[in-house]
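1. Quick one, structure for this:
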Amino acid sequence: FIVDAANGTLIKAWGTANGMNDSVPSDPAALNVDLDAGGLLDRIYIGDLGGNVWRFDIANKDSTAWTIHKLAALGNYKILFPPAVVKQQHRYVAEGAAQRFDAVYVGTGDRERPLDASSRNIFVMLKDFDTNSTVKERTITPGDLEDVTSQVTAGSTTVQANLASKKGWL
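-> Presented below is the predicted three-dimensional model:
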């Protein structure tokens, strides 16, 4: 939910009706790309305990026009810290066409058992291509990401080629 900080009035609320079934322990990450030159925040990203990354579009001054979209469903991972969002200044060439995207970086972890070596955690970069539209792509899953863990050779052309057709990396 979003409230007016001056008086505590509820401005907008989302919940299970929008598919948000897991707790949200992390802080939000806000992005103002200012494509409309309005000076207002445009998007908010936040992760939850179910491994989901949510995107809230709040660029409109009218809160009834604000929308929510599940950007990614990463699986059984806890997202406890805010994503890092980087507005990309260049156009990214993918599948023969230049596309601009904003990079959303998310790490998972378990604050309750930080030294537990039996749990697997991930760090991902998600490409959010919906930089200036209300049409949302489908939810990104791990199968949409290039697994670069075993491909850490600097300057690998295979990784670069594979990343062009993927929606991010893990």
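2. Report the contact partners of Trp66.
-> Counting by Cβ atoms under 8 Å, 6 or more residues apart in numbering, Trp66 touches Lys12, Phe56, Asp57, Ile58, Asn60. The C-beta positions use only the backbone N, C-alpha and C, and glycine is treated the same way.
3. If I look at the last one, what pLDDT would I see?
-> In other words, Asn60. Here the pLDDT value assigned to Asn60 is 84.
4. And it, its phi and psi?
-> Reported as degrees, to the nearest 10, the phi and psi values for Asn60 are phi -80, psi 140.
5. Now secondary structure and neighbour count too, for the contacts of Trp66, in a markdown table please.
-> A markdown table is the format used below for the contacts of Trp66 (DSSP: H, G, I helix; E, B strand; the rest coil; neighbours: other Cβ atoms under 10 Å):
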| residue | secondary structure | neighbour count |
| --- | --- | --- |
| Lys12 | strand | 14 |
| Phe56 | strand | 21 |
| Asp57 | strand | 18 |
| Ile58 | coil | 19 |
| Asn60 | coil | 15 |
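6. which among those residues gets closest to Arg138?
-> Asp57 (16.2 Å; Cβ to Cβ).
7. Tell me where this structure is predicted with low confidence.
-> 35-38, 89-99, 132-136, 150-157, 160 (pLDDT under 70).
8. for it, what spans make up the strands?
-> Counting by DSSP state E, one finds strands in the chain at the ranges 2-3, 10-12, 29-31, 43-47, 52-57, 67-73, 84-87, 92-94, 97-99, 102-107, 123-128, 168-169.
9. Can you tell me which of the ones you listed is nearest to Leu145?
-> Leu145 lies closest, by Cβ to Cβ, to one member of the strands of the chain: strand 168-169, at 4.9 Å.
10. on that earlier part again, can you tell me which of the strands of the chain is most buried?
-> strand 43-47 (a mean of 24; mean count of other Cβ atoms under 10 Å).
11. For Ala84, which non-adjacent residue is closest in space?
-> Tyr105 (4.3 Å; Cβ to Cβ, 6 or more residues apart in numbering).
12. Closest one of the contacts of Trp66 to Arg111?
-> Of these, the one sitting nearest to Arg111 (Cβ to Cβ) turns out to be Phe56, at 23.9 Å.
13. Show the contacting residues for the closest one.
-> Trp14, Pro28, Arg43, Ile44, Tyr45, Ile46, Trp66, Thr67, Ile68, His69.
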